[in-house]
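> Next input, structure requested:
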Amino acid sequence: MQPQTDYTRLFITMFIAAVILLTWQAMVEHPRRQQLAELHTKQLEEKAIIKAKEEKELAMQDPDSGGKILTRDERLALSPRVTFKTEKLHGSIALKGARIDDLTMPKYRVELPETSPAVTLFSPNGDKLAYFAQFGWVSADGKSQVPDQNSLWNADKNSFTAGEAVTLRWTNNANVTFILTISLDEHYMFQINQRVENMSGTTVSVTPYAYINRQHEEDPNIQHYAILHEGPLGVMQNALEEISYEDLRKEKKIFSDASGWMGITDKYWLSALVPDEKGYTATFTHYTKGSHNRYQVDYVSKAKQIQSGGHVESSVRLFAGAKEIRVIDAYANGDVKHPPITLFDRAVDFGVLYFLTKPMFLMLNFFYTHIGNFGVAILLLTIVVKLLMYPLANKSYKASTQMRRLQPEMQKLRDRYGDDQIRMQQELMALYKREKVNPAAGCLPLLIQMPVFFALYKVLFVTIEMRHAPFFGWLKDLSAIDPSNLFTLFGLLDWNHPSWMHLGILPILMCATMVIQMKQQPKPTDPIQAKIITFMPYFFLFIFASFPAGLVLYWVWSNILSIIQQHIISRKHGGKPVKAKA
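Here you go, the predicted model:
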């Protein structure tokens with residue numbers, strides 16, 4: 001008979017695998033980001049000088065600025081504007097170029113304090129954070145005069161709000177009129193209807209287009225994560241395409257005869273074009289302007305012939321705002337007075353565990369809707385998970401209790417056959433079989449809980465609903481790390497401590513509950529295994545210190561429930577140690 005694997009070794013193997021998965025971000029990515037951040041800080045003065053020089057050069061290249069470095073507000077003032085204001089979006093449309101290049105989200109703040117400014121998504125061209133959308137027509141015959149970024153449009157009103165529309169007009173020298181009718185719903189979706197009326201006396205040929213353009217620099221002081229896609233993306237022919245900024249700098253991506261949608265995503269924000277027709281050419285590209293990186297996502301439809309006295313129309317939707325899952329799902333399903341958008345819900349990066357992550361969020365959101373506190377919702381979700389896992393966990397805890405009863409006899413076997421591993425394993429397996437104990441059963445809850453753990457991690461990390469969500473007391477943002485710190489005596493000391501010296505109250509509680517759990521489990525007779533298991537809670541203490549507070553809250557509460565459950569089962573199924581077989 002071949003040697004059988006001891007349950008403690010199996011547990012250690014699982015532990016090592018879990019450590020590899022859990023510590024990648026904390027032990028590899030986090031120090032790397034910290035090192036880059038420190039380097040970035042040292043270079044701030046030098047970069048400030050270079051940046052000022054670049055902005056001056058850019059301003060010199062921008063005829064609108066007159067060679068001056070302008071603020072965002074000053075750039076907005078360079079064009080007459082039509083303003084819009086809804087509960088979720090504030091901004092304006094530049095009549096010069098007919099661009100949507102001014103957009104803020106009053107519902108969301110840059111930082112947690114209420115005095116923090118609202119998040120800005122779009123800014124005008126020339127700004128250091130330039131980000132805008134434009135719609136128009138290309139001359140397909142090379143003869144027709146079409147509006148461009150310098151064309152000044154006429155508007156039928158100065159402002160509009162949700163459910164209303166504004167109409168922009170521009171007429172060329174040949175008496176061909178281009179019309180844009182722009183409306184906005186109560187969320188984040190613009191509807192842009194384009195119309196061309198030909199009164200020139202001859203046939204003209206034009207092609208509709210739209211694009212999103214963004215100036216973007218990857219700052220080493222900003223955290224980027226391998227588990228989350230940020231950058232260009234889209235759904236082409238019913239397949240999700242995620243393109244990194246780095247890949248796009250190497251090679252542009254072109255999709256012919258395309259259908260679907262395309263845009264640029266951040267962790268919480270999204271801009272996306274949704275053409276209402278199919279068979280267009282979609283392009284993802286990168287170029288530099290001055291020393292700045294620019295990224296563009298655009299589509300060009302097929303050419304349209306317009307007889308004299310006739311007209312053609314084309315339409316496109318623009319999503320620009322927060323990735324609120326309820327709203328995103330509604331657009332995907334066509335529940336908000338718009339046709340459904342294929343796989344639009346994949347704009348929220350739920351990852352490969354989508355089948356777990358999405359239902360987990362929906363359950364969390366259900367509890368939050370009825371209770372009003374995401375922290376309490378996490379506690380209730382933990383109880384639901386425990387109830388679903390109860391039959392298996394109950395069986396596992398029974399096996400663990402039985403293993404404790406076998407410890408004396410197992411130690412005797414190890415003492416007797418310590419030099420003969422094959423015989424010792426045979427005797428151990430015979431003991432397990434005689435006492436009807438599964439030595440690996442105690443590991444099953446961990447195996448099942450790990451996917452749940454990672455799914456919850458994804459929910460807390462990618463969903464905007466968790467952004468700045470408070471619990472109670474000192475926990476003001478469950479998507480951020482526990483702000484309390486043992487090394488500052490929880491706020492009593494104020495000193496410039498290293499970034500790794502941060503241990504909050506929740507991670508400490510998690511460590512304490514893990515220690516209690518370990519004491520409930522049978523202690524390995526092998527001294528090396530025993531030491532590894534003993535130090536395991538303290539190892540996890542430093543790992544979890546850098547995890548979102550909501551995730552640690554889940555783990556602490558799960559540990560507490562497990563301790564209670566194990567205690568009850570131990571009292572019920574405990575008993576005297578198994579005696580040696582005569």
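> low-confidence ranges in the protein?
Where the chain drops to pLDDT under 70, the residues are 1-67, 219-226, 397, 438-449, 491-493, 495, 497-500, 522-527, 529, 572-582.
> got the domain boundaries for it?
Domain ranges of the chain: 76-217+269-319, 367-573, per automatic domain parsing.
> Ok, which of these comes nearest I227?
Nearest to I227, of all these, is domain 367-573, at 6.9 Å by Cβ to Cβ. From N, CA and C alone the C-beta is placed, and that goes for glycine too.
> circling back to that earlier point, with distance to D257 as extra columns, can I get the domains of the chain in TSV?
Shown next, in TSV, are the domains of the chain (distance: least, Cβ to Cβ, whole Å):
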stretch	distance to D257
domain 76-217+269-319	5
domain 367-573	32
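> Reformat those domains into TSV and put distance to I341 and mean neighbour count next to each item.
Supplementary listing: those in TSV, determined by distance: least, Cβ to Cβ, whole Å; neighbours: other Cβ atoms under 10 Å:
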stretch	distance to I341	mean neighbour count
domain 76-217+269-319	6	18
domain 367-573	18	17
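> gap between A239 and K253?
Note on A239: its distance to K253, by Cβ to Cβ, to the nearest Å, is 13 Å.
> my guess is Y108 is in a strand, correct?
Yes - applying DSSP: H, G, I helix; E, B strand; the rest coil, one finds Y108 inside a strand.
> Can you show me the helices along the stretch 51-200 of the chain?
When secondary structure is read from DSSP state H, counting those that start in this stretch, the stretch 51-200 of the chain shows helices at 72-76.
> Over to the chain?
In the chain, the helices defined using DSSP state H lie at 7-23, 30-42, 44-61, 72-76, 245-250, 325-333, 354-371, 374-417, 421-435, 444-462, 505-520, 527-544, 549-573.
> Select, out of those, the one closest to G279.
Across the helices of the chain, G279 has its closest neighbour in helix 325-333 (21.8 Å, Cβ to Cβ).
> Pull out the buried residues from the closest one.
Neighbour counts over helix 325-333 (16 or more other Cβ atoms under 10 Å) mark I325, V327, I328, D329, A330, Y331, A332 as buried.
> Would you mind putting these into a markdown table with distance to W261 alongside?
Shown next, in a markdown table, are the buried residues of helix 325-333 (distance: Cβ to Cβ, whole Å):
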| residue | distance to W261 |
| --- | --- |
| I325 | 17 |
| V327 | 15 |
| I328 | 12 |
| D329 | 15 |
| A330 | 15 |
| Y331 | 10 |
| A332 | 10 |
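> nearest residue to K157 other than its sequence neighbours?
Distances taken as Cβ to Cβ, 6 or more residues apart in numbering put V166 closest to K157, at 5.4 Å, once the chain neighbours are dropped.
> Just list the residues touching that neighbour, thanks.
Going by Cβ atoms under 8 Å, 6 or more residues apart in numbering, V166 touches V82, F84, I93, A155, D156, K157, F160, T181, I182, S183.
> bridging residues for it?
Bridge pairing for V166 (DSSP bridges) gives the partners I182.
> The residue nearest to L486 when sequence neighbours are not counted: what's it in contact with?
In this structure, L486 finds its nearest non-sequential neighbour in L503, 4.2 Å apart by Cβ to Cβ, 6+ apart. With contacts defined as Cβ under 8 Å, 6+ apart, the neighbours of L503 are N485, L486, F487, L541, F542, A545.
> mind listing the strands for the stretch 51-200 of the chain?
Ranges of strands in the stretch 51-200 of the chain, per DSSP state E, counting those that start in this stretch, are 81-85, 90-94, 99-109, 118-122, 131-139, 154-155, 159-160, 165-171, 176-184, 189-198.
> tell me how far stretch 128-139 is from the chain's mean position?
Here the centre of stretch 128-139 is set off from its chain's centre by 26 Å, with Cα atoms, centre = their mean, to the nearest Å.
> thinking K289 is in contact with Q215, fair?
Yes - the criterion here is Cβ atoms under 8 Å, and K289 meets it with Q215 at 7.5 Å.
> who touches both of these two?
The contact sets of K289 and Q215 do not overlap (Cβ under 8 Å, 6+ apart).
> What backbone torsions are found at N173?
phi -70, psi -20 (degrees, to the nearest 10).
> pretty sure Q237 contacts K278?
No - the criterion here is Cβ under 8 Å, and Q237 misses it with K278 at 9.7 Å.
> Can you tell me the closest non-neighbouring residue to N154?
With sequence-adjacent residues excluded and distances taken as Cβ to Cβ, 6+ apart, N154 is closest to R169, at 5.0 Å.
> what about that neighbour, distance to W153?
6 Å.
> quick one: common contacting residues for the two?
Here R169 and W153 have L180 as joint contacts, going by Cβ under 8 Å, 6+ apart.
> mind giving me a markdown table with the helices of the chain and columns for distance to V119?
Formatted as a markdown table, the helices of the chain follow (distance: least, Cβ to Cβ, whole Å):
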| stretch | distance to V119 |
| --- | --- |
| helix 7-23 | 31 |
| helix 30-42 | 22 |
| helix 44-61 | 22 |
| helix 72-76 | 14 |
| helix 245-250 | 20 |
| helix 325-333 | 16 |
| helix 354-371 | 21 |
| helix 374-417 | 19 |
| helix 421-435 | 59 |
| helix 444-462 | 16 |
| helix 505-520 | 27 |
| helix 527-544 | 29 |
| helix 549-573 | 21 |
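> Quick one, which of the ones you listed gets closest to Q194.
Among the helices of the chain, the nearest to Q194 by Cβ to Cβ is helix 325-333 (20.8 Å).
> got the contact list for that closest one?
Helix 325-333 has contacts (Cβ under 8 Å, 6+ apart) with 187-189, 319, 335-336, 338, 340-345, 347-348, 361, 365, 463-465.
> Tell me which of the residues you listed fall in strands.
Residues of those located in strands (DSSP state E): M189, F319.
> Please identify which of A239 and K253 sits among more neighbours.
The neighbour count for A239 versus K253, taken as other Cβ atoms under 10 Å, is higher for K253 (18 against 11).
> Please name the spatially closest residue to the more buried one (chain neighbours excluded).
Distances taken as Cβ to Cβ, 6+ apart put F284 closest to K253, at 4.2 Å, once the chain neighbours are dropped.
> Would you confirm that that neighbour contacts R249?
No - between F284 and R249 no contact is recorded; they are 11.2 Å apart, counting by Cβ under 8 Å.
> where's the residue nearest to N173 when sequence neighbours are not counted relative to T177, distance?
Leaving aside its chain neighbours, N173 sits nearest to Q145 (6.1 Å; criterion: Cβ to Cβ, 6+ apart). Q145 sits at a distance of 12 Å from T177 (criterion: Cβ to Cβ).
> again, but for N394
Going from N394 to T177 by Cβ to Cβ gives 74 Å.
> go on, A239?
Between A239 and T177 the computed distance is 39 Å (Cβ to Cβ).
> if we can go back for a sec, could the strands of the stretch 51-200 of the chain be laid out in TSV, adding distance to G375?
Listed next are the strands of the stretch 51-200 of the chain as TSV, based on distance: least, Cβ to Cβ, whole Å:
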stretch	distance to G375
strand 81-85	33
strand 90-94	30
strand 99-109	20
strand 118-122	23
strand 131-139	34
strand 154-155	47
strand 159-160	39
strand 165-171	42
strand 176-184	34
strand 189-198	32
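> So which of those strands is nearest S479?
strand 99-109 (12.7 Å).
> In contact with the residue most central in space within the chain, which residues?
Nearest to the mean C-alpha position of the chain, counting by Cα atoms, centre = their mean, stands V462 at 2.8 Å. Contact analysis of V462 by Cβ under 8 Å, 6+ apart lists L228, K267, V348, D349, F350.
> Determine which two of these are furthest apart.
Largest separation among these by Cβ to Cβ: K267 and F350, giving 13.1 Å.
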